[in-house]
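S.K.: Fold the following for me, if possible:
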Amino acid sequence: QNLWKQLLDASKNGLFFIAGPNVIESQEHSLRIASHIAQIQQRLNVPIVFKASFDKANRTSSHSFRGPGMTEGLRILETVKQNTGLPIITDIHEQCQAEPVASVADIVQIPAFLCRQTDLLLAAGRTGRIIHIKKGQFASPTAMREQALKIVEGTGNGMVMLCERGTTFGYEDLVVDPRSLVRMARDTGLPVVMDVTHALQRPSTRTGSEGGVVSGGDGSLVRELGDVAAACGVSGIFVEVHEDPSRARCDAQVQTPLARLEQLLVRWSYMARSQRSAPPA
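M.R.: This next block holds a predicted model:
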């Protein structure tokens, strides 16, 4: 509840952020990135939640890297939390994962493909943790209000956030409708987060280095997408980072270079403060 208040307070005058690598590649790698993020957090004095997945269970190809699995992944995330002081967000794919994940993570994330799975939402809500529901690539803002209500009404847990990550446009592309950001916030009264990484994907368009088909995309547009989100009044921005995105084991085309992160957070925070203080029209 203390973190929830921090996030809400930050969004009144600016933004909070979710940042980290797409997937846990190793403990050393996670600690290195988290330590860098923690230093940025101290310099900017804005809430940053560290994100990494222990299992990418919805990769297009069975040849693609999935991560270390739940047991080892949670151990690594706990180590990151203890060593950096950063709060943790990670995702679940099955009901049985909710309680173990909530023992480490401060925020439980529901993947976009699973955003309508009622029993998964209820299991997450019952943990008492903050729940971050990613909007399905097929879902409308109105549909996402109903998913949030499943948790709020079904479990009494009102600490729910909704996340925009793009809408399917044909077979191999995504588009972001800025109206979605406004409508989800207006219709639910809940914090809305913009995922500026996955919204830039082009799903299943490349051959992966480990074999099989993987997603491509255009990560060069991350700044502009964050600008749009800040101008639309989102509460937070989600951005995945890697020291060398070309070597990332998942979503290499859309992860942001870690060295660029601080400049982006400064820019987006500035734009959000300007949006909050602008005269009404």
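
S.K.: what does whatever helix or strand residue 226 lives in contact?
M.R.: Secondary structure assignment for residue 226, by DSSP states H and E: helix 222-231. Identification of contacts with helix 222-231 by CB atoms under 8 Å, 6 or more residues apart in numbering yields 15, 164, 176, 178, 181, 194, 196-197, 199-200, 237, 239, 254, 256, 264, 267-268, 271-272, 275. All C-beta spots, glycine's among them, are computed from the backbone N, C-alpha and C.

S.K.: which ones are touching residue 95?
M.R.: The contact partners of residue 95, by CB under 8 Å, 6+ apart, come to 119, 120, 123.

S.K.: Only alpha carbons, please: show the helix holding residue 226 as CSV.
M.R.: The C-alpha coordinates for helix 222-231 follow below in CSV (Å, rounded to 0.1, in the frame of the first residue of the first chain):
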residue,chain,number,x,y,z
VAL,A,222,10.5,5.1,-28.3
ARG,A,223,11.0,8.8,-27.5
GLU,A,224,8.1,9.9,-29.7
LEU,A,225,5.7,7.3,-28.3
GLY,A,226,6.6,8.3,-24.7
ASP,A,227,6.1,12.0,-25.7
VAL,A,228,2.6,11.2,-26.9
ALA,A,229,1.8,9.3,-23.7
ALA,A,230,3.0,12.0,-21.4
ALA,A,231,1.0,14.6,-23.4
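
S.K.: Buried residues in that helix, which are they?
M.R.: Going by neighbour count (16 or more other CB atoms under 10 Å), the buried part of helix 222-231 is 222, 225, 226, 227, 228, 229, 230, 231.

S.K.: How about stretch 20-31?
M.R.: Across stretch 20-31, burial judged by 16+ other CB under 10 Å covers 20, 21, 22, 23, 24, 25, 27, 29, 30.

S.K.: Touching, the third one and residue 248? I think so.
M.R.: Yes - if you go by CB atoms under 8 Å, residue 22 and residue 248 touch, sitting 6.5 Å apart.

S.K.: Return the distance of the helix holding residue 226 from the chain's centre.
M.R.: Centroid separation for helix 222-231 versus its chain: 15 Å, with CA atoms, centre = their mean, to the nearest Å.

S.K.: Could I get the average pLDDT for it?
M.R.: Helix 222-231 carries an average pLDDT of 98.

S.K.: would a markdown table of the buried residues of helix 222-231 with distance to residue 142 be doable?
M.R.: Shown next, in a markdown table, are the buried residues of helix 222-231 (distance: CB to CB, whole Å):
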| residue | distance to residue 142 |
| --- | --- |
| 222 | 28 |
| 225 | 23 |
| 226 | 25 |
| 227 | 26 |
| 228 | 21 |
| 229 | 20 |
| 230 | 24 |
| 231 | 23 |
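
S.K.: Run the chain-centre distance for stretch 18-38.
M.R.: A distance of 14 Å separates the centroid of the chain from that of stretch 18-38, by CA atoms, centre = their mean.

S.K.: ranges for the helices of the stretch 51-200 of the chain?
M.R.: 70-84, 98-102, 118-126, 141-155, 178-188 (DSSP state H, counting those that start in this stretch).

S.K.: could those helices be laid out in TSV, adding distance to residue 108 and mean pLDDT?
M.R.: Converted to TSV, these look like this (distance: least, CB to CB, whole Å; pLDDT from 0 to 100):
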stretch	distance to residue 108	mean pLDDT
helix 70-84	12	98
helix 98-102	6	98
helix 118-126	5	98
helix 141-155	10	98
helix 178-188	18	97
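
S.K.: Let's have those in JSON lines, adding distance to residue 5 and mean neighbour count.
M.R.: Output for the helices of the stretch 51-200 of the chain, formatted as JSON lines (distance: least, CB to CB, whole Å; neighbours: other CB atoms under 10 Å):
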{"stretch": "helix 70-84", "distance to residue 5": "19", "mean neighbour count": "17"}
{"stretch": "helix 98-102", "distance to residue 5": "19", "mean neighbour count": "19"}
{"stretch": "helix 118-126", "distance to residue 5": "19", "mean neighbour count": "20"}
{"stretch": "helix 141-155", "distance to residue 5": "17", "mean neighbour count": "18"}
{"stretch": "helix 178-188", "distance to residue 5": "18", "mean neighbour count": "17"}
